[in-house]
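> Give me a 3D structure for the following:
(one chain, ligands or ions: 1)
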Amino acid sequence: MDSKVMSSPGEIARVYKELSLYPSLSRADVGPVITSQYGGKYSNIYTEWSQRDLERNENVKFCRQYIVFHDDKSVVYSGASGNCTEIKGEVLSKDSPSGDMKAVVRESSVKGEDKQFLEVWSKNIKMKSINLSALKKHGKVYDDASCYYLTLFGCLVWSHSETHLLYVAEKKRPKAESFFQKSRIYRPAGAGGEQFVFHEDWGEALGDKSCPVLCILDIEGDFVSVLDGLPDDISPGQAFWAPGDTGVVFIGWWHEPFRLGLKYCPNRRSALFYMDLTGGKCEQLSSGKTSVCSPRLSPDQCRIAYLECSVYGPHMQCSKLCMYDWYTKKTSVVVDVIKRPGKDGFTGIYSSQLSPQCWSADSQRIIFACPQRSRKDLLMVDINTGSINSLTAKSDIGSWCLLNIERDLMVVSCSSPNCPPSLWVGFLPGIDSQENVDWVTLEDSEKLQDVDWQILTFTPPSEDDNSQYSNLEFDALLIKPKEVKDEVKLPLIVTPHGGPHSVIVAEWLLSSAVLCRMGFAVLLVNYRGSIGYGEDSIYSLLGNVGTQDVKDVQFAVESVLKSGSIDEQKVAVSGGSHGGFLACHLIGQYPGFYKACVARNPVINMASMIGSTDIPDWCMVEAGFVFNTDCLPDAAEWEKMLNISPIKYVSQVKTPVLLTIGEDDKRVPNKQGIEYYKALKARQIPVRLLWYPGNNHSLSKVDAESDGFMNMVLWMIQHFSD
Ligand SMILES: CC(=O)N[C@@H](C)C(=O)N[C@@H](C)C(=O)N[C@@H](C)C(=O)O
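Got it, this is the predicted structure:
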């Protein structure tokens, strides 16, 4: 018996609006320990959230604070201290280590002109407000540090002495003038001509970032200095103060001969550097032959932990956890790459950022959140033994995120496909303790009682086994309405993730929750090549995109159909980027199997993409070739890229296609969608293209995300009845 799915646009919009209210956590800071006159101890927890505001068409940022009474080992009492406050105009903010001051980089318009100010607050007074724009020492301050897992270059860091602030800004660019400007005519010949010179940027979502510089504000002297003495061919970021404030440590990315897209690409050649402020010397602390990120100084200021992976190759890889000893200057590998999960089940490290603080108070352990197959768990590493323990593997919650840890007090966000994010705190047990963490809820979320989820594991059929990387499994998340009568068959929406080296973990996903509430089942496929399953799984896909990944998704779908709970006549496929590549492959390679297809910024033709994407290396590597900056694809390479692309199968497509395209996409150029649109129209296949101005590859702005979702479900409902 067919199940009835919600089909009225008004009703669907109401459900979307209701479930989109749940905010997500982007940051948490733990304040200093305050001891009351009776000996009681407490700390303030500052949290930042973001929430879709459909009326204002923006993601609203707000903060909420909590007070946690504890005895340094366990929480005695906790509660919110006040309501939420919307945050407007704050680019970056950071409390000083003592908690006595707060620095804010604020954007404000003065007489219609956007300016940036660096403010220093103490107690109830704004002590300083420095007009950074007026100083003309640098360009805009880099804003990519407010949400740690999205940080690439940005930072705002107090010196240990609390007398200086370190941040990253765009290098000052001299004002370029026309040759015919009066002031120019009398200038010596040959000067200038910069008015229209091309300035490289760092690609998708980083179009306003080209030449970062390290800046230091001397708070007492109200003086900003831009650090020089760095190598000319590197771009600095992720900086912090060295032990004793003797200098600054930072990550430098090589940007010659040209910049490649950096977002979601932690495989760019980079190194750890130290700029000694006393001697003015810049020292490279790591080899420069790898890619490094996320350096974190231990509380005892003796070691720097950081993540490392290889340059080029797959864009997300299994990382090493490395350690630089500040005093011996020796580097060691604490956790190595895992090719195949061992008996302990640990599959390797797949985080591209460690949380702002990640060390235990004793400087002996590091805690981080990491995808482990289709879950995301909190893992603890003993830096002396390299042993790894999960703090959350036994939990029935699917995904954990470490927002921060300070003096062993952890602040985490956790969620599942049927439970929006909640905020918990808990103390890290002692290094020899066998106890579990005693979590305390600061903000709870109600589980959706009508939504169920499970992780399915698949072993590809022998004919699809990868001879070089054999016996690999993969997973899929099946999310569906609860309590469906046996005889009722559900419509199914299949969604392979993009990347391809990423993973869908069992966390709160707004679209899946709404689809289930509407009566759909949702299958999210973590095909071979996903991260979180060992390095071999990632490498097994290189050169096999368009076949191995396509077959894995189809195998998972057909396996689920055998369960009998799905209506085979109502299966649709949707995906973004490489996920869109897979969606378009599936309707080309399995003509008529899928009743509707929705593709967000899909990769359609790798041969035509390579010349205009910010990640040309991705096209070469996923096609199975080696990338070099001085190489151009030869005919054979171009031919393979064409042959493994969905455009190759367009003449077999029967499924109606909805394309959602971001005008400003630097990752998968918008012409990819137009190429497929024209090819389908020429073959009289129903196709509709939605074009979102002011949106990029993620189509994550409130307007594009909500409009794209509504159009997706209505497209599917319309064509399920074809
Ligand atoms: C894992 C990852 O994101 N890889 C990057 C190189 C990347 O941007 N890949 C795109 C082709 C892609 O598929 N992106 C996914 C993550 C998306 O949904 O945008």
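> after the helix-or-strand element of the chain with minimal mean pLDDT comes which helix or strand?
Ranked by mean pLDDT, DSSP states H and E, the helix or strand of the chain with the weakest confidence is helix 182-185, at a mean of 62. Using DSSP states H and E, the helix or strand that directly follows helix 182-185 along the chain is strand 212-218.
> that's a strand at residue 544, yeah?
No: per DSSP: H, G, I helix; E, B strand; the rest coil, residue 544 lies outside any strand segment and is coil.
> Confirm for me that it is in contact with residue 640.
No: when contacts are counted by Cβ atoms under 8 Å, residue 544 is not listed as touching residue 640 (11.3 Å). Backbone N, C-alpha and C define where each C-beta goes, glycine included.
> Give the intersection of the neighbour lists for the two.
Shared contacts of residue 544 and residue 640, defined by Cβ atoms under 8 Å, 6 or more residues apart in numbering, comprise residue 624.
> quick one, longest helix in the chain?
Selection of the longest helix in the chain by residue count, based on DSSP state H, yields helix 702-720.
> Would you indicate which residues of it are buried?
702, 704-709, 711-713, 715-720 (16 or more other Cβ atoms under 10 Å).
> quick one: which two of these are the most distant?
When these are compared pair by pair using Cβ to Cβ, the two farthest from each other are 702 and 720, 27.4 Å apart.
> got the residues of the protein near the ligand?
Near the ligand, the residues belonging to the chain are 264-265, 315-316, 498-499, 501-502, 576-579, 603, 615, 618, 667, 697 when assessed by Cβ under 6 Å from any ligand atom.
> Restricted to helices, list those residues.
The members of those that map onto helices under DSSP H are 578-579, 618.
> What pLDDT is listed against residue 178?
Residue 178 carries a pLDDT score of 83 in this model.
> Now it: which helix or strand?
Secondary-structure element containing residue 178, defined by DSSP H and E: none, the residue being outside all helices and strands.
> ok now do the nearest residue to it once chain neighbours are set aside, which residues does it touch?
Once flanking residues are discounted, residue 178 sits nearest to residue 195: 5.8 Å by Cβ to Cβ, 6 or more residues apart in numbering. For residue 195, the contacting residues are 176-179, taking Cβ under 8 Å, 6+ apart as the criterion.
> quick one: which of those residues is nearest to residue 687?
Residue 687 has its nearest neighbour among those in residue 176, at 43.4 Å by Cβ to Cβ.
> Count the residues that sit near that closest one.
Residue neighbour count, defined by other Cβ atoms under 10 Å, stands at 12 for residue 176.
> residues in contact with residue 669?
For residue 669, the residues meeting the contact criterion (Cβ under 8 Å, 6+ apart) are 609, 612-613.
> which residue ranges form the strands in the stretch 551-700 of the chain?
566-576, 596-600, 657-662, 687-692 (DSSP state E, counting those that start in this stretch).
> Can I get those in JSON lines including mean pLDDT?
JSON lines is the format used below for those (pLDDT from 0 to 100):
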{"stretch": "strand 566-576", "mean pLDDT": "98"}
{"stretch": "strand 596-600", "mean pLDDT": "98"}
{"stretch": "strand 657-662", "mean pLDDT": "98"}
{"stretch": "strand 687-692", "mean pLDDT": "98"}
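> Please identify the most buried of those strands.
Here the criterion is mean neighbour count by mean count of other Cβ atoms under 10 Å, and of these the winner is strand 596-600, at a mean of 28.
> That one - contacts with which helices or strands?
Strand 596-600 sits against strand 566-576, helix 578-589, strand 657-662, helix 702-720, with contacts defined as 3 or more Cβ pairs under 8 Å, 6 or more residues apart in numbering; DSSP states H and E.
> let's go with 10 Å and repeat that
For strand 596-600, the helices and strands in contact under the criterion 3 or more Cβ pairs under 10 Å, 6 or more residues apart in numbering; DSSP states H and E are strand 490-496, strand 566-576, helix 578-589, strand 657-662, helix 671-682, strand 687-692, helix 702-720.
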